[in-house]
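> what follows is a predicted protein model with its sequence.
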Amino acid sequence: MEPIVVVGGGFAAARATETLRTEGYDGDLVVVAGEAVPPYERPPLSKAYLRGEVGRDALVPLDERWYRDHDVDLRTSTTAVGLDVAGRTVTLAPGGSLRYSRLLLATGSRVRRLDVPGGELPGVLHLRSVRDADRLASALDHDGPVVVVGDGWIGMEVAASARQLGHDVTVVSRSPHPLHGLGPQVGQIFADLHEKNGVLLVREATVTSLPGTDRVTGVTLDDGRTLEARTVVVGIGVTPEVGVVQGAGIELRPASDGGGIVVDGTLRTTAPDVWAVGDIASVPSPRYGRPLRTEHWATADQTGRHAARSMLGDGTAYDVLPYFFTDQFDLGMESKGVTEGEVVVSGSPADCEGVVFWVSDGRVSGAMGLNVWDRMDEAEELIRADGPVDRAVLESFV
């Protein structure tokens, strides 16, 4: 029998590989990872790793010795560039191909680029890989102002880390408030947190160019202002990395519907014996009645495990709520569900201690704890409740 092949260098690939072995699969197993390191976790890249508080060992759930000890053929610095579903073959770069009996795609996402004059100057950085984080950490070893373009989770986490390292930091975005998916009320909580810690937020602004000759020197906005910058970090989102399946006949979700690869409840794609997990998987959600594509660490963890079990014959449908966490300055946050609907507040989130609920038609859609710990299981019970939840229950949650 041909091997099971896992394609990807992130946490989903690591979790799937580990689960295949712990669940009893003892056949040939190949992991194809595009970077020169074993599959690793990304959340510390914008936080503790970027600030130099942990080393690379903290990023890697399974080190190279684990792969050797468990007879896994780990091929780093190798990228899957094509897929022949009929021939059950993955084409590789820099060369060669692999036949598979079952294939797991965990290719993650790629960063969006800022398409303006000066966008390729030295000092203009992105953050997706450990190599990106090393470059950014090196840049932050030098004095000089930092401008972050984009106020999503990565942008705000990088801004917090850069500020904690002593830099003057400005965050520029087109939106009226940061983390626009949370809505203005909750987004303002994070805005206040950053401004209290000395981060300048420039809202409803568009970057028109990045001036400089040998290195970026600033960020020019559509109102004519130029913000001084020695380092510019572009964090304007990611897109699912689905190039390997282009032309392979695997169904993709339209970008207008979240993008990614269509999978069923077992995380199988529309091709025989091909599964997809993590950032690229558009997964049916029994709770929300529609597919969700979620770019979070926990999704990589859970879908990686689930797909591995599915590949070994488990037919259970995936039913895990989206989960996310962040740490910024003295605020620790974790959330479950989706952030849609009316906001209902318990405690004092404005003082960074409370729980925010999102409610649609009386049902709880999602919950976010701000410096409130060990309550997410209770929050999940409210999210999964069959009908409306009394507002008083939510307001008195904390």
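Alright, I've got the coordinates. Keep in mind it's a predicted model, so treat the numbers as computed, not measured.
> please, where are all the strands along the stretch 201-350 of the chain?
In the stretch 201-350 of the chain, the strands defined using DSSP state E, counting those that start in this stretch lie at 207-209, 218-221, 226-228, 231-234, 238-240, 261-262, 274-276, 281-285, 290-292, 323-328, 331-337, 342-348.
> show me what the third one is packed against.
Applying 3 or more Cβ pairs under 8 Å, 6 or more residues apart in numbering; DSSP states H and E, one finds that strand 226-228 makes contact with strand 218-221. All C-beta atoms are positioned from the backbone trio N, CA, C, and that covers glycine.
> quick one: contacts of the strand it packs on?
Here strand 218-221 makes contact (Cβ atoms under 8 Å, 6 or more residues apart in numbering) with 147, 149, 170, 172, 202, 205-212, 226-229, 232.
> for PyMOL, what selects the buried ones among those?
Selection command for PyMOL covering only the buried members of those, criterion 16 or more other Cβ atoms under 10 Å:
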select buried, resi 147+149+170+172+202+205+207+210+212+227+229+232
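> can you pull the domain assignment for this protein?
4-110+238-311, 133-234, 330-395 (automatic domain parsing).
> so which of the ones you listed is nearest Val124?
Closest approach to Val124 among the domains of the chain is made by domain 133-234 (4.8 Å; Cβ to Cβ).
> Asp132: neighbour count?
18 (other Cβ atoms under 10 Å).
> surely it is in contact with His126?
Yes. Contact criterion Cβ atoms under 8 Å: Asp132 and His126 qualify, at 5.7 Å.
> please, which helix or strand holds Phe357?
strand 353-360 (DSSP states H and E).
> cool, and Ser161?
helix 153-164.
> in terms of secondary structure, what does that helix contact?
strand 146-149, strand 169-172, helix 184-196, strand 231-234, strand 323-328.
> what does it contact?
With Cβ under 8 Å, 6+ apart as the criterion, helix 153-164 contacts 46-47, 50-51, 127, 136, 140, 146, 148-149, 169, 171, 173, 178-179, 190, 194, 197-199, 231, 233, 235-236, 324, 326-329.
> which among the residues you listed count as buried?
46-47, 50-51, 127, 136, 140, 146, 148-149, 169, 171, 173, 178-179, 190, 194, 197, 199, 231, 233, 235-236, 324, 326-329.
> could you give the mean pLDDT of the strand holding Phe357?
The pLDDT scores in strand 353-360 average 97.
> average pLDDT for the helix or strand following it?
Moving toward the C-terminus from strand 353-360, the next helix or strand (DSSP H and E) is strand 363-370. For strand 363-370, mean pLDDT is 98.
> Val147 touches His167, doesn't it?
No. Counting by Cβ under 8 Å, Val147 stays clear of His167, with 10.1 Å between them.
> low pLDDT regions in the stretch 251-398 of the chain?
Within the stretch 251-398 of the chain, no stretch falls below the threshold (pLDDT under 70).
> list the buried residues in stretch 36-52.
37-51.
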